[in-house]
Structures are given as C-alpha cells and as structure tokens.
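Participant: here is a sequence together with a model predicted from it:
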Amino acid sequence: MSGYANRNHPSTGVVHPLWAKALAIEGAGGRVVIVTTDLIGLPEDVSRQIATRAQRQFGLQRARLVLNSSHTHTGPVVWAGLVTMFDLPPDEERKLRDYAAQLVDDLVAVIGQAIDDLSPAEIAYGFGKADFAVNRREPTSRGVRIGVNPNGPTDREVPVLTVTGPGGKMRAILFAYACHNTTLTGDFYQLSGDYAGFAEAKLEEEHPGATAMFLQLCGGDQNPQPRNTLELAERHGREMAAAVDTVLGGTLHRLTGPLRVSYQETRLSFARQERSVYEADAANPKAPPATVRRAKAMVQAIDASQPVWDTAYPVQAVRFGKALTLLALGGEVVVDYALRVKKEYPGEAIIVAAYSNAVMCYIPSERVLSEGGYEAVDNLVYYGKPGPFAPGVEARVFDTIHAVMKKVGR
Ligand SMILES: [Zn+2]
C-alpha cells in the first residue's frame, strides 16, 4: 500500500473495491476521455504507456485523454511512483512491476469500453460545497509541519458534471474536490478509496445505472478533518455525496461544444545540490531509511550522468464551448494554484484538477516553497527526487497554464 512510509507489511483486506472509470465525451470538436482512478497517482512512465496505446488503438490524441487519480492512501503502490518510500524485498518489487503492467492494460481497456459505450447524451454542470477540507500546513516555532491550519487557504468548491441519456436517465456523475484522500492513516491496512470511494459508492447506490467518478483537485496541502477512522472516511464520503446531491437538485447549466483541447509538457527544475550532500546523507547513521535510499539513488544517478535536476510536467486544458474549462495539472498541486487560476480567469466556469496525467512529486507555490515543510522539501525524499524545486517553479507552471488556456481560447 502506498502513501505512508511507516507501513511495514502489505494490505490485510478490502473495505471496498478500487475502481478505474472512464467517461468518453464526443461532440463538435471531437472526443475527450476522462479517466479517474482510486490510486495514489500515476507515475509518468505508466501514463505515457497508456497514452501511447490509447493513441494507437483508438486514435485518441494525448490532449484528448485526462488521467486523474484520487490520491487514496489506502490503495496499492503504483510502481515506480514514490520509489524511495519503501525498502522492498525483490519478490515484492516484482509484484509491483507486474501490477503496473496490468494497470496499463486495464486502463487502456476501460478507455476502449467508454468509447464503445458512446450514445446520445446531455452534459450539464454545477458547483456545490463541502467543508471537511482543511489546510494542513501548520506553522510552528520550528517551521511548518503537517498538522491542522484552520487559517490557511482552502478551496471547498465541489464541481459536478452530469451526463444524462434520453429521458433524463443519469449515466454519469463526475464530481471533484481539493482534499487529500487521507482520512485513513498509516496504521490502516485495508484497501479503500477513502472518502472519495465512499462518496462514489453512495452516489451509485442513489442513482442506479449511473457511474460516479471522483476527480482530485489541488488538494496537495489539504487534509480531511477530522480523520483517522473508517467511520470518519464514510462520514466525509456521505457529506461529499450530499454536496453532489444538492447540486443535482438545483439548476444545472447545460454544456455544448465545441470541445477544445490543449496539452503541453514543460520541465521544472530542482535546486542543484552537491554530490557531497548525498554522500553525507548516505553515510549518516541517524538519517531516516528513506533519506538514505534517496541519497544513494542520487549519487548513483549523478555518477551515471543521468538527468535528475528537472522533471517533466504536464498541463492540459479541455474547454466545453464558452462555458467551462477543465484545467488538469500534474503532481500534488497545492491549493494556491487553484485560487490563482480562478482569479486570473474570471467570468467562465473553471475546474482546476491536479494529480492529472502524471504525479512526480508535490508542486509548491512560491509561497509554500519559501515557507518550507513537507510540500516544499520533505516529500521529495519519498519521490526519489533530488530536493526542493529551484525558485521560479510557480511562474514556470503558470507560463504553461497561460499557454494551454490560450490554445483553448481563454
Ligand atoms: Zn499527498
């Protein structure tokens, strides 16, 4: 199971199944497929394989495929994501490689199934609200730690997209929220989709025949509160489902085409470190095991002249007519990005998703980067990255956001 470094054995049971779900939309301007997964995040290599095969098998261009993960922390490791989190025995690593290969097959298959299932439908959207997301970057005298910060920024909007067939039959409900799926913590060993999984199950029970899909937004620095028990995960799931139901019971705005899409990859730079920093970490008997693993990996990469000082970063926009844009960002994006995008693009509805297309590490804003803490520094140990981003990361991401938004006419 991925997400918490303290886990020391595999899962022991299943609360509810983990799902991959695909929504294919076709209209003026072509086709788009949105895939949601109850997973921690898709590594770049897994996403690339899926996208390449979707292009080959279904003629689906990269810009027309959105791959999102709910970031559940009670799901499997998706190899080679968070590669330095655990020290795995060889037979465990083999299982994870096999699982990643199977996952590629399964996600390509679900994309095909959604395309095969296209039929006349109407799409509409609305926005609701849920209150359990709380900023987790708690300032202390020793710096920012993961805790509870009721005064920190949040984005509690719940965007909802509905797909109805002839006669108003609900076929799909896509809903979204900016909050880690971490009600369940590292001492919990049963597989589940956390609050998003409970919300999906509840909505599908209430709307028989409909597929309920959860899209993770910029919840990089947001945790559900309170947290720590299965009951609370279910309670947050019910609150999320109720927020969606409130939207469904209100006035929904119908979406029309044309669909416009854009996908670009940029590269984000990490701050350069001397090789000696990693040598010291690797030799430090007091360093945590993951720090030592990261240090050894960095020394190896540097000696092999493998590039480690930057990472590919995908940014995608899908615009429905002149009404709604889905902006899909890679990585664990902190909420500052969503708030700034909404400020920069007023007047037309926008959904700012994160954990999309590839999850390589956290994406701090310039504010978060300068404050430090887990989302700025510590997470990179588990992701096997060299260290914090170089200053300017937010500007670089926004340059690419501006570029894709321009491409779709915004
Ligand atoms: Zn996370």
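Facilitator: That came through fine. Numbering: from 1, shown residues only.
Participant: buried ones in stretch 14-24?
Facilitator: Neighbour counts over stretch 14-24 (16 or more other C-beta atoms under 10 Å) mark 15, 18-24 as buried. Where you see a C-beta, it was placed from the backbone N, CA and C, and this is true even at glycine.
Participant: of all those residues, which comes closest to residue 311?
Facilitator: When the buried residues of stretch 14-24 are compared for distance to residue 311 (C-beta to C-beta), residue 20 wins out at 24.6 Å.
Participant: what's the burial count for the closest residue to the closest one other than its chain neighbours?
Facilitator: Excluding the flanking residues, the one nearest residue 20 by C-beta to C-beta, 6 or more residues apart in numbering is residue 37, at 4.7 Å. Using other C-beta atoms under 10 Å, residue 37 has 29 neighbouring residues.
Participant: right, and residue 37 touches residue 106 too?
Facilitator: No - look at residue 37 against residue 106 with C-beta atoms under 8 Å: they stay out of range, at 9.5 Å.
Participant: one step back: beta partners for the residue nearest to residue 20?
Facilitator: residue 20, residue 69 (DSSP bridges).
Participant: show me the contacts for it.
Facilitator: 18-21, 67-70, 107 (C-beta atoms under 8 Å, 6 or more residues apart in numbering).
Participant: tell me which two in the residues you listed are the farthest apart.
Facilitator: 18 and 67 (15.3 Å).
Participant: any idea how far the closest residue to residue 21 other than its chain neighbours is from residue 152?
Facilitator: Nearest in space to residue 21, with sequence neighbours left out and distances taken as C-beta to C-beta, 6+ apart, is residue 213 at 4.7 Å. As defined by C-beta to C-beta, to the nearest Å, residue 213 lies at a distance of 28 Å from residue 152.
Participant: comparing the two, which residue is more hemmed in?
Facilitator: residue 213 (27 against 18).
Participant: surely the more buried one is in a helix?
Facilitator: No - under DSSP: H, G, I helix; E, B strand; the rest coil, residue 213 sits outside any helix and is assigned strand.
Participant: contacting residues around it?
Facilitator: 21, 23, 34, 36, 172-175, 200.
Participant: ok, 7 Å please
Facilitator: Contact analysis of residue 213 by C-beta atoms under 7 Å, 6 or more residues apart in numbering lists 21, 23, 36, 172, 174.
Participant: can you redo the residues you listed as TSV with pLDDT?
Facilitator: Output for the contacts of residue 213, formatted as TSV (pLDDT from 0 to 100):
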residue	pLDDT
21	98
23	98
36	98
172	98
174	98
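Participant: between the residues you listed, which sits nearest residue 156?
Facilitator: residue 174 (17.8 Å).
Participant: any idea which helix or strand carries the closest one?
Facilitator: Using DSSP states H and E, residue 174 maps to strand 170-177.
Participant: so which elements touch that strand?
Facilitator: Counting contacts by 3 or more C-beta pairs under 7 Å, 6 or more residues apart in numbering; DSSP states H and E, strand 170-177 packs against strand 157-164, strand 211-216, helix 230-249.
Participant: helices of the stretch 251-400 of the chain, residue ranges please.
Facilitator: Using DSSP state H, counting those that start in this stretch, the helices of the stretch 251-400 of the chain run over residues 275-283, 289-303, 335-344, 366-371, 379-382, 393-407.
Participant: looking at the ones you listed, which is closest to residue 264?
Facilitator: helix 393-407 (5.4 Å).
Participant: other residues contacting that closest one?
Facilitator: 262, 264, 266, 268, 313, 315-317, 327, 341, 345, 363-366, 369.
Participant: and stretch 75-92, by the same measure?
Facilitator: 1-2, 5, 18, 38-43, 45-46, 96-97, 99-100, 103, 191, 289-290, 293-294, 297, 359, 381-384.
Participant: could you dump it to CSV, C-alpha only?
Facilitator: This file holds the C-alpha atoms of stretch 75-92, laid out as CSV (Å, rounded to 0.1, in the frame of the first residue of the first chain):
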residue,chain,number,x,y,z
GLY,A,75,-4.5,1.8,-2.4
PRO,A,76,-1.6,0.0,-4.0
VAL,A,77,1.8,1.2,-4.8
VAL,A,78,1.9,2.2,-8.4
TRP,A,79,5.4,1.4,-9.5
ALA,A,80,7.7,3.3,-9.8
GLY,A,81,5.9,6.1,-8.1
LEU,A,82,7.2,7.1,-4.6
VAL,A,83,10.0,4.8,-5.4
THR,A,84,12.1,5.5,-2.3
MET,A,85,9.3,5.2,0.2
PHE,A,86,9.9,1.5,1.0
ASP,A,87,12.8,-0.9,1.1
LEU,A,88,11.2,-3.7,-0.8
PRO,A,89,12.3,-7.3,-1.0
PRO,A,90,12.9,-8.4,-4.6
ASP,A,91,9.7,-10.6,-4.8
GLU,A,92,7.6,-7.6,-3.6
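Participant: and that stretch, what's buried?
Facilitator: 75-86.
Participant: next one: stretch 116-127
Facilitator: For stretch 116-127, using 16+ other C-beta under 10 Å, the buried residues are 121, 123-126.
Participant: quick check: residue 106 vs residue 314, distance?
Facilitator: Counting by C-beta to C-beta - residue 106 and residue 314 are separated by 21 Å.
Participant: which one of those two has more residues nearby?
Facilitator: Neighbour count, other C-beta under 10 Å: between residue 106 and residue 314, residue 314 has more, with 24 against 14.
Participant: list the contacts of the more buried one.
Facilitator: So residue 314 contacts 263, 265, 330, 357-358 (C-beta under 7 Å, 6+ apart).
Participant: what does stretch 11-23 contact?
Facilitator: With C-beta under 7 Å, 6+ apart, stretch 11-23 has contacts from 1, 33-38, 75, 106-107, 110-111, 113-114, 163, 172, 174, 189-193, 197, 200-201, 211, 213, 230.
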